[in-house]
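K.L.:
Attaching a predicted model along with its sequence, questions to come.
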Amino acid sequence: MVKQNIIFLLLSFIVVFFILLVGVLLAENLLLYALLSLIIAFGFMGYGFRLKRKWNTK
């Protein structure tokens with residue numbers, strides 16, 4: 001497996017974890033933490049998109 005694919009696989013697992021955490025936190029009525037988890041998930045997704053664009057332009 002290429003190093004690039006391993007990084008994207010790791011980022012995708014992190015994003016899925018934080019999105020699942022949003023569901024758990026909403027079920028527990030912890031809205032502030034759910035919002036924080038969603039923001040973190042979007043941050044990791046944005047970083048992955050930026051990294052992919054950077055590597056595709058080379």
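P.N.:
Received the coordinates, thanks.

K.L.:
Now do the contacts for residue 51.
P.N.:
7-8, 11 (Cβ atoms under 8 Å, 6 or more residues apart in numbering). C-beta: built from backbone N, CA, C; applies to glycine.

K.L.:
just the buried members of those residues?
P.N.:
Neighbour-count burial (16 or more other Cβ atoms under 10 Å) applied to the contacts of residue 51 gives residue 11.

K.L.:
will you turn the contacts of residue 51 into CSV that also has pLDDT?
P.N.:
CSV is the format used below for the contacts of residue 51 (pLDDT from 0 to 100):
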residue, pLDDT
7, 92
8, 93
11, 96
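
K.L.:
Secondary structure and distance to residue 35 for the contacts of residue 51 - can I get that in CSV?
P.N.:
What follows is these, written out as CSV (DSSP: H, G, I helix; E, B strand; the rest coil; distance: Cβ to Cβ, whole Å):
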residue, secondary structure, distance to residue 35
7, helix, 27
8, helix, 26
11, helix, 21
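
K.L.:
List the residues that contact the residue nearest the centre of the chain.
P.N.:
By Cα atoms, centre = their mean, the chain has its centre lying nearest to residue 15, at 2.5 Å. Counting by Cβ under 8 Å, 6+ apart, residue 15 touches 41, 44-45, 48.

K.L.:
What is the burial count for the closest residue to residue 12 other than its chain neighbours?
P.N.:
Once flanking residues are discounted, residue 12 sits nearest to residue 48: 7.4 Å by Cβ to Cβ, 6 or more residues apart in numbering. If you count neighbours by other Cβ atoms under 10 Å, residue 48 ends up with 17.
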